[in-house]
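> Show me how the following folds:
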Amino acid sequence: MKGNLTVSHINKYKEISAVIKSRLNDFKSVPAKDYFYELCYCICTPQSKAANALIVQNMLAENDFFNKAFDPTPILRSPSNYIRFHNQKAARLLRVREEFNEISEIISSNMSNYEKRNWLANNLNGFGMKESSHFLRNIGYENLAILDRHILRHLMNCGVFDELPKLTPEKNYISVESKFLEFADYVGISLDELDLLFWASSTGEIIK
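Got it, this is the predicted structure:
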């Protein structure tokens, strides 16, 4: 297997491994009644701060958005928790609210993790492989890579790739994910732990 963890990654993992494992256990403990709001979070995160998306998620839950068809745009555009492309994302939130019964059936089905991820990526407006993987990881699914430039740069720093790989079309995403899984197996740390390690190394925090 090509590549290895850097000294910085190894030291960081020793420092925060307990926190990482605890956070992953939190994801596995999310009750089904909260899945909808985890989906809302993942709709809000692209090109916006994770901390802001978390505030929006909590505000939507507090205001019972799932049961009340109110316009979430004012929440998304609030300066205190601003979400980029708030009009577009508000429309997506309303749409996914209408579609959630079907989504819930997919989640509870006997499909594999990958089949569920692919269904979400192909059927939810504004969702791709990354967002679908992120949502499923946040409700306890394992070994689904949440790939973006931050993660890819860390994999480059570890020598897994010589340059930033392309994530489109879908087959490229799956190929990169496969190499990430091989690397995780090689270094003896799960893909999900490495994801949070890389994020903490970049941002100094673990949100989700």
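
> for this structure, what spans make up the helices?
7-28, 35-44, 50-62, 73-76, 86-107, 113-123, 129-138, 149-157, 170-187, 191-203 (DSSP state H).

> Tell me which of those helices approaches residue 164 most closely.
Closest approach to residue 164 among the helices of the chain is made by helix 149-157 (5.1 Å; C-beta to C-beta). In this view, the C-beta of every residue, glycine as well, is placed from N, C-alpha and C.

> dump the residue contacts of the residue nearest to the spatial centre of the chain.
Central residue of the chain (C-alpha atoms, centre = their mean): residue 134, 2.1 Å from the mean position. By C-beta atoms under 8 Å, 6 or more residues apart in numbering, residue 134 lies in contact with 42, 45, 146.

> do the same with residue 152
Contacts for residue 152 (C-beta under 8 Å, 6+ apart) come out as 161, 164, 165, 176.

> Neighbours of the nearest residue to the last one once chain neighbours are set aside, how many?
Put plainly, it is residue 176. Computed as C-beta to C-beta, 6 or more residues apart in numbering, the closest residue to residue 176 that is not its neighbour in sequence is residue 165, at 5.1 Å. Residue 165: 16 surrounding residues under other C-beta atoms under 10 Å.

> before we move on, what about the one 5 residues further on?
Counted with other C-beta under 10 Å, the burial measure for residue 170 works out to 13 neighbours.

> need the contact list for the closest residue to residue 131 other than its chain neighbours.
Closest residue to residue 131 apart from its sequence neighbours, by C-beta to C-beta, 6+ apart: residue 42 at 5.0 Å. Neighbouring residues of residue 42 by C-beta under 8 Å, 6+ apart: 127, 131, 134, 135, 138.

> quick one, domains of the chain?
7-27+145-203, 32-138 (automatic domain parsing).

> Mind putting these into TSV with mean pLDDT and distance to residue 1?
As requested, the domains of the chain are exported to TSV (pLDDT from 0 to 100; distance: least, C-beta to C-beta, whole Å):
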stretch	mean pLDDT	distance to residue 1
domain 7-27+145-203	96	4
domain 32-138	96	21
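
> before we move on, the earlier item: quick one: which two of the contacts of residue 42 are the most distant?
Every pair of those checked by C-beta to C-beta; the farthest is 127 and 138, at 13.3 Å.

> The two - which one has more neighbours?
Counted by other C-beta under 10 Å, residue 127 and residue 138 do not tie: residue 127 has more neighbours, with 22 against 19.

> residues in contact with the more buried one?
Residues in contact with residue 127 (C-beta under 8 Å, 6+ apart) are 42, 43, 120, 121, 135.

> how deep is residue 49 tucked in, by neighbour count?
Using other C-beta under 10 Å, residue 49 has 16 neighbouring residues.
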